[in-house]
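In: Next input, structure requested:
(2 chains)
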Amino acid sequence: MRRVRTILMWAAQGAVALLIVLSIVGAFRGDDKARALFNSPPLVVFWTALGLLLAAGLAVYPRLLRRPAGLAMHLGALLVLGGAMWGSVPAHDLRRTWFGSEKIAKGYMAIHEGTRERRVVDASLRRVVAELPFDLALRDFWIEYYDQPGRPWHLVVVAPVRDGAGHAVDEQQAEIEWEVGQTVPVPHTPASVTVLDYLPHARPAYAEGAEPGVQVTAADGQTVLLPARAGAEAHLQDPPMTVRVVRAFTCLKVRRTDEGLEPYEAEGEGVNPAVELEFIRPDGTRDPRFALALAPGHGRRSGDPDFRYVFPEPTGARADADSRVPAMHVRVSAEGREMTRWLLPGREDSYVSLDLAPVLPPPERRPEGAPAAPPDETPDAPAPSASPDPPPESSAAPEPPDEGDEAAAAPALFLVRPTGPIRDYFSDVAVLADGRPVAEAVVEVNHPLHWPERPPLWRPVEFAKWLVGSGGYHFYQADYDHEAGRYTVLQVVSDSGLLAVWAGFVLLAGGAFWRFWGEAIVSKSERGMRSAECGVRSAECGVRNAE
Amino acid sequence: MEIKWTILGLAIYTAMTLYAGAAILFAVRVRRVAWAVYGLGFAAAAAGWGLRWVEAGHVPLQNLFEVFLTLGALMFPITLFGRRFLGVGLEWGDAVIGLKVLIPAGLVFGAEPRMLPPALQSSLFVPHVTAYMVAYVVMWKAMFSAFGVLVLGGERRLRAERDTHVMVRLGFPLLTLGLVLGAVWGKIAWGDYWNWDPKELWSLVSWLIFLGYFHFRYQYGKKYPRANASLVLTGTAAIYLTLLWVNLARLFAGGLHSYAS
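Out: Here you go, the predicted structure:
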């Protein structure tokens, strides 16, 4: 047996040495190549052998079984190894091939705001690799930045660079140094801009009496606007039904109760405005629906009329200390034309733009090779000055682009959030089973969503069912739409084997502390007690020591 | 070289000077004064560390400047603990380590505070990095004893071997905790508890070397003290590489831990 133990110990030392060498090789080659190396078939043999060595060690070293710390460390390593192998990509592939398992190890989901998705794609976001048995709906995606106290938003101009024929071939941009009350030229354009007012924290201002509501459009084109007030109702012809507002929320949240999911009004005005509707059919059936301001189209089913939460048109801006966005009142003038507008970004927007085409002369067009024309003359059109100011939407409406020109061919002013470091990314998602929301979560870095939820261990039957049903998935915030922030990319990762790995970690770390700290403390304490005992009964101890 | 003409820089340079003085005083056996100077050096390093916390708005463990500053402040408590509870001396070596880890903080790395990126905003950030930092300092203390095993003879070698073993026993559970907490955090933040990232692999290498040390010592005890000491020295060399890999990685291959540079 002693010889077996010696051989086993040297084999274990050899395995540790080999793992050290392979880890160094992997570290020099980078994570992608290291991952491929450690998941390659020869390494699968190595991991299996390492597991067998650990098991054999427990078998031939009875001392390990007698000492809880040593047992915990070796058992922990075995569990980590087994759990990691069970949850690995090759193990998932094998289970798919041999047992028809539909679970995948990992993939990605790209979900647009206001839509639902169940397809899992590969890292290219193009090839579908699996479908989940439930949907994820993205209600909202946003990015939060570190506060930049005292830093006003940047005013930037983006203007096209034109070729000899007058076509936009590139873009150029410049920041405008601005101060309230000053008129400064707009670079790359003949225009100048005057900042009339700047509110660091602002909200849209509406005409008196204007209120948000729900716009319902029937199949025959009939459109009604219901105010967001409980009791408001309207009748539709096609399909024939009555639409009634049950409740209005300024910040809708959903919580789980014993009876199921319950919507409620949460603190935080304007964070998630919504209206609970009822579609009352001629036969008396009532179908509940929710119109969410942040997720148009969410919850609409086949046969439903189109319904969406709408805000009234703003007439300007007002200061509001709770708002995270500013508002800038500007007057732009060029060659006799002038317009006055509010630049008012949306709640989560990082910029808002103002098309300068209405005040600028049209771009010069000439055939290829034609000589350049003299500077434009002042246009005859009257200046579209506005007082009171029209809403930002109408001010930003660009003229239709000329045929063959780029969409962004007209110069534009942008009010841009100071680019501080990103604090976090957020995806507000709902899990839908058979089209009905069964859970909701805000996925952010360090806060993944886990679904289906793992039942607690003290409900063993449910827990066993969950485990046999091969567990669930974690959804991680992975990427997003860098252009417009309209979609999110979640990484989908199987949780197979994870419980074993967690248990292994606890045993490994707990065993290490007990083995190297705990045993020493206990032993020192016992020595101390013996020494104290000897102090009391010195004669007896003296005899024992002599023996 | 980046000289810091700030109060924080002044605290670091004061600590460096006092640590250097303490090392000399310990070496010439003026122990009482040496302890006082060493303690003052710690006070300066700890003040710098606290100042940095206020300045940065988070526990200063984000980048290599903050990490080395933390290591410099950790050395004195470890020396005190080693002397008081474990009977391990070599205080002059500890003062030298304290000086050595403050040099990169004072003269190499920039001190521009940075906001925590999303991945670092986790309750595991402080325990994970702290476990590693304490483990590293303990293992470096073990390194000095291990040198002693190689160069000393007779009783003094036996004493050094015992000190080495005691310090590695103190540091290894912390090294394990750092590794496990990092894996748990990796799972929560990135979706995988192990990403085969170069820094992860180097930390595994350090852990495995000390694991090999314990198995070797279990098998042969004190029969081959030089071999035991060599394993400890190899382990501490791997720790240096783990700590500095994010910078060396620019020459080889990057990874998920590149924000720490």
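In: what helix or strand does A:Glu131 sit in?
Out: Per DSSP states H and E: A:Glu131 is located in strand A:128-145.
In: Quick check: what element follows that strand along the chain?
Out: Next helix or strand after strand A:128-145 toward the C-terminus (DSSP H and E): strand A:154-162.
In: Give the next helix or strand downstream of that next one.
Out: According to DSSP H and E, the helix or strand after strand A:154-162 is strand A:168-176.
In: what packs against that next one?
Out: Packed against strand A:168-176 by the contact rule (3 or more CB pairs under 8 Å, 6 or more residues apart in numbering or on different chains; DSSP states H and E) you find strand A:154-162. Using the backbone N, CA and C atoms, a C-beta is placed for each residue, glycine as well.
In: Buried residues in the strand it packs on, which are they?
Out: Residues of strand A:154-162 classed as buried: A:His154, A:Leu155, A:Val156, A:Val157, A:Val158, A:Ala159, A:Pro160, A:Arg162 (neighbour count, 16 or more other CB atoms under 10 Å in any protein chain shown).
In: Residue 209: how many residues sit nearby?
Out: By default, I'm working from chain A. 6 (other CB atoms under 10 Å in any protein chain shown).
In: oops, I was thinking of chain B
Out: The number of residues near B:Ile209, taken as other CB under 10 Å, comes to 21.
In: quick one: contacts for the residue lying closest to A:Leu19 once chain neighbours are set aside?
Out: Excluding the flanking residues, the one nearest A:Leu19 by CB to CB, 6 or more residues apart in numbering or on different chains is B:Leu208, at 5.9 Å. By CB atoms under 8 Å, 6 or more residues apart in numbering or on different chains, the contact list for B:Leu208 reads A:Val16, A:Leu19, A:Ile20, A:Ser23.
In: can you give me the offset of the strand holding A:Glu131 from its chain's centre?
Out: Centre-to-centre, strand A:128-145 and its host chain are 8 Å apart (CA atoms, centre = their mean, to the nearest Å).
In: One more: stretch A:488-499?
Out: 15 Å.
In: for stretch A:309-326, same thing?
Out: Using CA atoms, centre = their mean, the offset of stretch A:309-326 from its chain centre is 25 Å.
In: Would you mark the buried spots in it?
Out: Taking 16+ other CB under 10 Å as the criterion, stretch A:309-326 shows A:Tyr309, A:Val310, A:Pro314, A:Thr315, A:Gly316, A:Ala317, A:Asp320, A:Ser323, A:Val325, A:Pro326 as buried.
In: B:Thr130 touches B:Leu61, doesn't it?
Out: Yes: under the criterion of CB atoms under 8 Å, B:Thr130 makes contact with B:Leu61 at 7.1 Å.
In: the more surrounded of those two?
Out: A direct count of neighbours by other CB under 10 Å for B:Thr130 and B:Leu61 places B:Leu61 higher, at 21 against 18.
In: Check which element follows the longest helix anywhere in chain A along the chain.
Out: Ranked by residue count, the top helix of chain A under DSSP state H comes out as helix A:2-29. Downstream of helix A:2-29, the next assigned helix or strand under DSSP H and E is helix A:31-38.
In: Quick one: mean pLDDT for that next one?
Out: The average pLDDT for helix A:31-38 rounds to 91.
In: In CSV, could you pull the C-alpha coordinates for that helix?
Out: Backbone C-alpha positions of helix A:31-38 (Å, rounded to 0.1, in the frame of the first residue of the first chain) are rendered in CSV as follows:
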residue,chain,number,x,y,z
ASP,A,31,-7.7,33.5,-23.4
ASP,A,32,-9.2,32.3,-26.7
LYS,A,33,-6.4,29.9,-27.5
ALA,A,34,-6.1,28.9,-23.8
ARG,A,35,-9.8,28.1,-23.8
ALA,A,36,-9.4,26.0,-26.9
LEU,A,37,-6.4,24.2,-25.5
PHE,A,38,-8.0,23.3,-22.2
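In: Following it in sequence, what is the next regular element?
Out: On the C-terminal side of helix A:31-38, the closest following helix or strand by DSSP H and E is helix A:41-60.
In: May I have that following helix exported as PDB, CA atoms only?
Out: Output of helix A:41-60 as PDB, limited to C-alpha atoms (Å, rounded to 0.1, in the frame of the first residue of the first chain):
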ATOM      1  CA  PRO A  41      -9.800  16.100 -26.400                       C
ATOM      2  CA  PRO A  42      -6.300  15.400 -24.900                       C
ATOM      3  CA  LEU A  43      -7.100  17.800 -22.100                       C
ATOM      4  CA  VAL A  44     -10.500  16.100 -21.500                       C
ATOM      5  CA  VAL A  45      -8.400  12.900 -20.900                       C
ATOM      6  CA  PHE A  46      -6.200  14.900 -18.500                       C
ATOM      7  CA  TRP A  47      -9.100  16.300 -16.600                       C
ATOM      8  CA  THR A  48     -10.600  12.800 -16.300                       C
ATOM      9  CA  ALA A  49      -7.300  11.500 -15.100                       C
ATOM     10  CA  LEU A  50      -7.000  14.300 -12.500                       C
ATOM     11  CA  GLY A  51     -10.500  13.500 -11.200                       C
ATOM     12  CA  LEU A  52      -9.600   9.800 -10.900                       C
ATOM     13  CA  LEU A  53      -6.400  10.700  -9.100                       C
ATOM     14  CA  LEU A  54      -8.400  12.800  -6.600                       C
ATOM     15  CA  ALA A  55     -10.800  10.000  -6.000                       C
ATOM     16  CA  ALA A  56      -8.000   7.500  -5.700                       C
ATOM     17  CA  GLY A  57      -6.300   9.700  -3.200                       C
ATOM     18  CA  LEU A  58      -9.400   9.700  -1.000                       C
ATOM     19  CA  ALA A  59      -9.500   5.900  -1.300                       C
ATOM     20  CA  VAL A  60      -5.800   5.100  -0.400                       C
END
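In: For it, enumerate the helices and strands it packs against.
Out: When contacts are defined as 3+ CB pairs under 8 Å, 6+ apart, helix A:41-60 packs onto helix A:2-29, helix A:62-66, helix A:68-86.
In: Kindly format the C-alpha coordinates of the second one as CSV.
Out: Extracted C-alpha coordinates of helix A:62-66, given in CSV (Å, rounded to 0.1, in the frame of the first residue of the first chain):
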residue,chain,number,x,y,z
PRO,A,62,-7.6,6.9,5.1
ARG,A,63,-6.1,9.8,7.0
LEU,A,64,-7.8,12.1,4.5
LEU,A,65,-11.2,10.6,5.4
ARG,A,66,-10.5,11.0,9.1
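In: The residue nearest the centre of chain A: helix or strand, and which one exactly?
Out: Chain A has A:Ser427 as the residue nearest its centroid, 3.3 Å off, counting by CA atoms, centre = their mean. Secondary structure from DSSP H and E places A:Ser427 in strand A:422-433.
In: So which other helices or strands are in contact with the longest helix along chain B?
Out: Criterion DSSP H: the longest helix present in chain B is helix B:154-190. Helix B:154-190 sits against helix A:498-513, helix B:125-151, helix B:198-220, helix B:225-248, with contacts defined as 3+ CB pairs under 8 Å, 6+ apart.
In: and the nearest residue to A:Glu440 once chain neighbours are set aside, what are its bridge partners?
Out: Excluding its sequence neighbours, the residue lying closest to A:Glu440 (CB to CB, 6+ apart) is A:Ala430, at 4.6 Å. Beta-bridge partners recorded for A:Ala430 (DSSP bridges): A:Ala137, A:Glu440.
In: ok, how many other residues are close to A:Ala430?
Out: Neighbours around A:Ala430, by other CB under 10 Å: 22.
In: Distance check, it against A:Phe475.
Out: Separation of A:Ala430 from A:Phe475 (CB to CB, to the nearest Å) stands at 12 Å.
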